[in-house]
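**Student:** got a structure for you, letters missing:
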């Protein structure tokens with residue numbers, strides 16, 4: 001959930017041309033107010049994050065049309081095969097499949113990493129699939 005939130009927030013922020021470092025001092029509601037002031041479109045924090053979610057889904061659709069699939073959603077072999085050497089997670093190996101399943105679910109994507117028709121409709125992107 002944290003990953004999705006930060007991805008949506010930074011995608012929306014990037015689209016405004018604002019420096020990413022502002023997120024260290026401003027919250028989503030502050031950024032939404034700045035967006036509203038600059039554009040004249042009323043926007044609260046939920047709508048600001050939805051802008052980012054639309055962007056993230058459009059990027060996913062672009063990648064899918066470019067030939068990338070869920071098989072490309074991976075990490076370097078070292079992270080997937082070598083146990084963590086120290087710290088509280090010492091000896092553990094990342095369970096990417098489990099994490100991706102949860103991530104795809106949070107995004108409203110199928111197990112194949114493709115955004116569902118319902119999610120695209122919810123975001124107003126149904127004509128892009």
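**Tutor:** Arrived safely. Keep in mind that what you see is a predicted model, and the values were worked out from it rather than measured.

**Student:** who touches stretch 52-68?
**Tutor:** By Cβ atoms under 8 Å, 6 or more residues apart in numbering, the surrounding residues in contact with stretch 52-68 are 7-15, 72, 107, 109, 113-115, 119-120, 123-125, 128-129. In this view, the C-beta of every residue, glycine as well, is placed from N, C-alpha and C.

**Student:** now that stretch: average pLDDT?
**Tutor:** The average pLDDT within stretch 52-68 is 97.

**Student:** all helices of this structure, in order?
**Tutor:** 2-16, 28-39, 45-65, 77-81, 96-107, 117-122 (DSSP state H).

**Student:** how about the third one: buried residues?
**Tutor:** For helix 45-65, a neighbour-count test (16 or more other Cβ atoms under 10 Å) marks 48-58, 60-61, 64 as buried.

**Student:** which one of the residues you listed is nearest residue 97?
**Tutor:** residue 60 (18.5 Å; Cβ to Cβ).

**Student:** count of neighbours near the nearest residue to residue 4 once chain neighbours are set aside?
**Tutor:** Take residue 4 and drop its neighbours on the chain: the residue closest to it by Cβ to Cβ, 6 or more residues apart in numbering is residue 106, 4.9 Å away. Neighbour count of residue 106, defined by other Cβ atoms under 10 Å: 12.

**Student:** thought residue 106 was touching residue 5?
**Tutor:** No. Using Cβ atoms under 8 Å, residue 106 makes no contact with residue 5, being 9.3 Å away.

**Student:** quick revisit: give me the buried subset of the contacts of stretch 52-68.
**Tutor:** 7-9, 11-13, 107, 109, 113-115, 119-120, 123, 125.
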